[in-house]
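K.L.:
any chance you could fold what I've pasted below:
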Amino acid sequence: MIILVIKKSDADCPHSQQIALDYPDAVISNYKQYPDKELLEVGPALIVLTHPQAVLHTKTLRAAAADKHPNLRILVVLPEDLAVQATSARIAGANVCMITPFPAELLQRAIYDECTVFRRLVDTAELLKANPAIANRYLYLSILGAGQHSVMVLAKDQQNANKVVTVKLLRKSISSAADFMTEFMTNAEKLKKASCENFARVIDAGSWKGYGYLASDIGPCENLYALLDKHPLPEGEIIKIGLSLTRALMAVKKCGVIHFDIKPENVLYDPKSKTYILSEFGLLTPFEAPDSSGFCFWSEAAYTSPEVFAQASWLTARSDIYALGLLLYTCITRNNPFLGHPSDTDIKRRINENVIKFSDNDLGKCSPALAVTIDGMTDVDPDVRPRLRELETIFFQGNKILGEGNAAPPTPGNNTEAIGAKPPNAGFADGLDAAPLRHGKNAPSAASTGRIPTMRTPAGSPAPAASKKIDWRHDRKAQLRAAIAGIAALIILSIAFNAGYRRAVKRLRPTQFQGGPLQVFTCLDGHTEEIRTLDLRNVKCPTCGEHTTPSYTCRKCKAVFGLPAWIRRHMTDEECAKFEQQQKICPFCESTDIVPTPLKQATQK
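P.N.:
Just a heads-up that it's a prediction; the model follows:
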C-alpha cells in the first residue's frame, strides 16, 4: 500500500515531516501538483490530506475513484479552527478525520490502523476468491467495505432462493477469543427473534475458517453519510429516521441486547422500500474500559454516550438513546463536536455538562419541538433522557405532520414509562428496557445505587461522594401524559408558525425588491432594459421573460452585452480566477475597455 501525503503548496507541514520519518517510502506532494487521476493510477493507496481544501479534495478524489479504486483510504487532518468541518470530511468520503493538535503517536496509530484495514481487505478478497461459499451457504458477490474489526461482504444465500444478504466477517484476533465468541453467538441467537422492518434481521452466525461471521437479511443500501453527501435532509426525513431507529432499538431491547454502536455508517437507506434500517447489532457488551487513543476501540467515540467514560457507570437502553439523539443532531447541523478528537479530549466536561446544544443559527434548521426532543435525548444525565416508547410517540406524531404520514402507529404496550429510569435490575419484564451492563471494574451493585451519580469522574479517577437520589413522588402516568401533550402541542404550533411564515414570504417576496436604483440589464436575447430592483440575482427581462444580467458597453466596438455578477457555487480556485478575468473582457473584440451601460442607451420605460 502506497502512502501519499498532500500538503499545502510551498508551506511547511509538520505532519508530512512526521510521516516521512515513520514511513520513508511515503510520497509527499503539494496540493494540485498532480491531477487526481494521476494520483489514483499509482495503485492502492492511503491518501493523507493536510491542506486547507482537504474536504473539497476528498469529495473530488472519491468521485474520481468511483468503482475503479474501491480500496482507496483517505485520512484528513484539519486545523483546530476548521474543526466544524470534521463531519463534512466524513460525509465527503474520508475514512478518518483528525483535528489538531494531537499527540504525534496518534497520527502514527491512525495510519497504522488504516494500513491494517487495507491489508484485511486484500486478505479477505483473496480468501473469498479461493473459497467463494462462506460457511458453504453464502456465495460471495462483492466486498462492501471494512472497518477496524470486520469486513462487510455482499453474498447470495443459497439456502434461501439466492436472496442477497450481507455477511460480516470479524477479524481473526477477535474470533479466536472464546469468551467473546460465546457471548457473540448468544446475542446473535437472541436477535434472530427480532421482528422489525427497520432492523437488519440476523439470519445466521458462526465461525468459518477462523473468522466469526454474522449474516443479516439486507441487500445493497446507502449509509447515512452517503445520503447526506447527496443533499441536506429535510426535517420530515430526519423525523422519519428518528422513528425508524427508535423502533429498531425497541426490537433490539426486547431481545435483551444493547446496540451500543449507533453511528451514520450503521444506518442504511434502502431506496427500493424507502426504509431506514439499523444494521448489525453493534458491540453488544462494552469493553471493561474504553481505549482513550480515540481510534482503536470498537464503538466510535464521537457517538458514544458520556456514561461510557464515567467510572462505575451502568449502561442501559438510554445509552443508545443518547447516540441516536447525537446522530439526529449531526444530520441537522452537519456537525458533531466530538468527531475528530481523541475520546479523552476534555472528558471531564463531556461527562458532566450538556455539550450538545443548538445554536441560534441551528434553530432555524428545524422546528423547536424537534430541537427540544434532541436536547432531552442528549442530556448528560441518563435519567432525564426520554424512553423509547415516548420517543416513538413523539416521532410518530412529527412524521404524521411533516413526513410521509404513512408510518404504522405506535405499538400497544405498557405506556407508563416516565422520564425516570427503572432500577437497573428491572430486567425485560415489559420488553422495552435492556438489562443494564456493569461498566468499570469497581462498578457498584444495582441494589446499592441504582443510578449513575450526577457528578461523574473519568475512569481511573477517585470516585466522588454519592449525590442525593432523585425522589420521584409524582404520578408517572400523569407526567408521561403531560410530556407527550406538551411536545405534541409544540410540534403543532411550530408547524402552524412555519406554514404561516412561508405563506407570508411567498406573498411578500415579489414586492420587497421592487425598490432600489434604476439600472441597465441585458439578457441573452439582446434586450437591454432599465429596471429598478435590489434583487440582482433574480432579474427577469420584461421583454422576453428570460434571466437578465447587468449590462456593459465596450468602448472599442460599441457592443452592448450582459455579464453575470455572481460566482457560481462549487467553483474551483482556477474557475473563479478565470471567471473574474472574463468579467474584464469584451466577449466580441476581447477589449478590456468596457464600462457599465449608461441609462441613456437603454430603452426608456
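
K.L.:
low pLDDT regions in the chain?
P.N.:
Scanning the chain for pLDDT under 70 picks out the ranges 281-300, 311-313, 403-407, 409, 411-480, 504-516, 565-573, 600-605.

K.L.:
okay, now the domains of it?
P.N.:
Domain assignment for the chain, taken from automatic domain parsing, gives 2-118, 131-216, 234-464+475-492, 518-601.

K.L.:
which one of the ones you listed lies nearest to Glu222?
P.N.:
Glu222 lies closest to domain 234-464+475-492 among the domains of the chain, at 5.0 Å (CB to CB). For every residue, glycine as well, the C-beta is placed using N, CA and C.

K.L.:
immediately after the helix or strand Arg502 falls within, which helix or strand?
P.N.:
Assigned by DSSP states H and E, Arg502 belongs to helix 476-512. Counting by DSSP H and E, the next helix or strand C-terminal to helix 476-512 is strand 518-523.

K.L.:
who are the packing partners of that following strand?
P.N.:
The helices and strands touching strand 518-523, judged by 3 or more CB pairs under 8 Å, 6 or more residues apart in numbering; DSSP states H and E, are strand 528-532, strand 548-554, strand 560-562.

K.L.:
just put those in TSV and tack on distance to Gln17 and mean neighbour count.
P.N.:
Formatted as TSV, these follow (distance: least, CB to CB, whole Å; neighbours: other CB atoms under 10 Å):
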stretch	distance to Gln17	mean neighbour count
strand 528-532	57	18
strand 548-554	48	20
strand 560-562	51	19
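
K.L.:
could I get the contacting residues of Arg502?
P.N.:
Applying CB atoms under 8 Å, 6 or more residues apart in numbering to Arg502 gives no contacts.

K.L.:
next, the contact list for Ser244, please.
P.N.:
Ser244 makes contact with Asn198, Thr275, Tyr276, Ile277, Leu278, according to CB under 8 Å, 6+ apart.

K.L.:
just the helices in the stretch 201-350 of the chain please.
P.N.:
With helices called from DSSP state H, counting those that start in this stretch, the stretch 201-350 of the chain shows them at 224-230, 235-254, 317-333, 347-352.

K.L.:
and of those helices, who's closest to Asn30?
P.N.:
Closest to Asn30 of these, according to CB to CB: helix 224-230, at 26.5 Å.

K.L.:
export the domains of the chain to JSON lines and append columns for distance to Ala499.
P.N.:
Below are the domains of the chain laid out as JSON lines (distance: least, CB to CB, whole Å):
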{"stretch": "domain 2-118", "distance to Ala499": "30"}
{"stretch": "domain 131-216", "distance to Ala499": "29"}
{"stretch": "domain 234-464+475-492", "distance to Ala499": "10"}
{"stretch": "domain 518-601", "distance to Ala499": "24"}
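
K.L.:
to Leu224, which of those lies closest?
P.N.:
Closest approach to Leu224 among those is made by domain 234-464+475-492 (3.8 Å; CB to CB).

K.L.:
distance between the ends of the closest one?
P.N.:
Domain 234-464+475-492 has an end-to-end distance of 17 Å (CA to CA, to the nearest Å).

K.L.:
what about the helices in the stretch 1-150 of the chain?
P.N.:
Under the criterion DSSP H, counting those that start in this stretch, the stretch 1-150 of the chain contains helices at 14-22, 36-40, 54-65, 86-92, 104-130.

K.L.:
for the first one, give me every contacting residue.
P.N.:
Contact with helix 14-22 is made by Ile3, Val5, Lys7, Ala26, Ile28, Val48, Thr50, Val77, Ala104, Leu107, Gln108, Ile111, as judged by CB under 8 Å, 6+ apart.

K.L.:
which one (most neighbours) among those?
P.N.:
Neighbour counts for the contacts of helix 14-22, by other CB atoms under 10 Å, peak at Val48, which reaches 29 neighbours.

K.L.:
give the contact list for it.
P.N.:
Residues near Val48 by CB under 8 Å, 6+ apart: Ile3, Leu4, Val5, Ile6, His15, Ser16, Ile19, Leu75, Val76, Val77, Ile111.

K.L.:
and the residues you listed as CSV, adding distance to Leu121?
P.N.:
Formatted as CSV, the contacts of Val48 follow (distance: CB to CB, whole Å):
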residue, distance to Leu121
Ile3, 16
Leu4, 18
Val5, 21
Ile6, 22
His15, 25
Ser16, 25
Ile19, 21
Leu75, 16
Val76, 20
Val77, 23
Ile111, 16
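
K.L.:
wait, which of those is closest to Leu139?
P.N.:
Distances from Leu139 to the contacts of Val48, taken as CB to CB, are shortest for Leu75 (33.7 Å).

K.L.:
you'd agree the closest one is up against Ala54?
P.N.:
No: the criterion here is CB atoms under 8 Å, and Leu75 misses it with Ala54 at 9.6 Å.

K.L.:
overlap in contacts of those two?
P.N.:
Shared contacts of Leu75 and Ala54, defined by CB under 8 Å, 6+ apart, comprise Ala94.

K.L.:
what's around Leu536, how many residues?
P.N.:
Residue neighbour count, defined by other CB under 10 Å, stands at 16 for Leu536.

K.L.:
do the same with the one 3 residues further on
P.N.:
A total of 19 residues lie near Val539 under the criterion other CB under 10 Å.

K.L.:
which residues does the closest residue to it other than its chain neighbours contact?
P.N.:
Counting by CB to CB, 6 or more residues apart in numbering, Val539 lies nearest to Thr548, which is 5.2 Å off, once chain neighbours are set aside. By CB under 8 Å, 6+ apart, the contact set of Thr548 is Phe521, Thr522, Cys523, His527, Glu529, Ile531, Val539, Lys540, Cys541, Gly562.

K.L.:
the second one reaches Ser551, doesn't it?
P.N.:
Yes: between Thr522 and Ser551 there is a contact under CB under 8 Å: 4.0 Å.

K.L.:
for these two, list the residues in contact with both.
P.N.:
With CB under 8 Å, 6+ apart as the test, Thr522 and Ser551 both reach Thr528, Val560, Phe561, Gly562, Thr597.

K.L.:
dig out what the first one forms beta bridges with.
P.N.:
Assessed by DSSP bridges, Thr528 has beta-bridge partners Thr522.

K.L.:
how close does it get to Lys37?
P.N.:
44 Å (CB to CB, to the nearest Å).

K.L.:
any idea how many residues pack against Asp67?
P.N.:
The number of residues packed near Asp67 is 6, by other CB under 10 Å.

K.L.:
rewinding a little: out of the shared contacts of Thr522 and Ser551, which comes closest to Lys584?
P.N.:
Once CB to CB is applied, the member of these that ends up nearest Lys584 is Phe561, at 13.1 Å.
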